[in-house]
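Visitor: no sequence on hand, only this structure:
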């Protein structure tokens, strides 16, 4: 084999020793390096998977909370709209009541004013009648006292008209 060694330059014992050395190094590295590194990588991967799972759960919970929030918000809007409708209806009803009350009060005041005016008119007419009857009695008394000619008759009429003007 010395001819083979010189052509190839490989000593079979050296190659065998190198191969055995490589196998021993592989098993030692596998036991002390590859297995712990693989174990660490697997742990890290499981931690990352756990983080992703937790993130997905949190995302799902956030979506559920958002949906619930939107539902509550819609309900609150509906309640607000209903309260506004009820308040508007109550305000309109109260407005109608106030207007009706004001109209009734105004009508009552108008009727009272009409009654007061009618009563005042009757009182004024009664006073005028009393004044006229008094003046007529005075004229009749004056006529009865004297004999009246045309001039005295006209003077009495003018005095009568003046007394009426002063009375009113």
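Guide: Looks like it came in fine. Predicted model, so just to flag it, every value in this text is computed and none were measured. Residues are numbered from 1 along each chain as shown.

Visitor: going forward, measure contacts and count neighbours with C-alpha atoms only.
Guide: Noted.

Visitor: what's the mean pLDDT across the helix ranked longest in the chain?
Guide: Determined from DSSP state H, the single longest helix within the chain is helix 35-145. On average, the pLDDT along helix 35-145 is 89.

Visitor: so which elements touch it?
Guide: The contact analysis (3 or more Cα pairs under 8 Å, 6 or more residues apart in numbering; DSSP states H and E) places helix 35-145 against helix 150-167.

Visitor: burial measure for residue 11, as a count.
Guide: By other Cα atoms under 10 Å, the residues close to residue 11 number 14.

Visitor: ok, now how distant is residue 56 from residue 62?
Guide: Separation of residue 56 from residue 62 (Cα to Cα, to the nearest Å) stands at 10 Å.

Visitor: ditto for residue 37
Guide: From residue 37 across to residue 62, the span is 37 Å (Cα to Cα).

Visitor: repeat that for residue 43.
Guide: 28 Å.

Visitor: go through whichever strand or helix holds residue 23 and flag the buried ones.
Guide: According to DSSP states H and E, residue 23 maps onto helix 12-29. Judged by neighbour count (16 or more other Cα atoms under 10 Å), helix 12-29 contains no buried residues.

Visitor: okay, angle between it and helix 35-145 too, please.
Guide: Following axes from the mean of the first three to the mean of the last three Cα atoms, to 10 degrees, one obtains 30 degrees for the angle between helix 12-29 and helix 35-145.

Visitor: I'd like to know which elements helix 12-29 is packed against.
Guide: Secondary elements touching helix 12-29 (3+ Cα pairs under 8 Å, 6+ apart): none.
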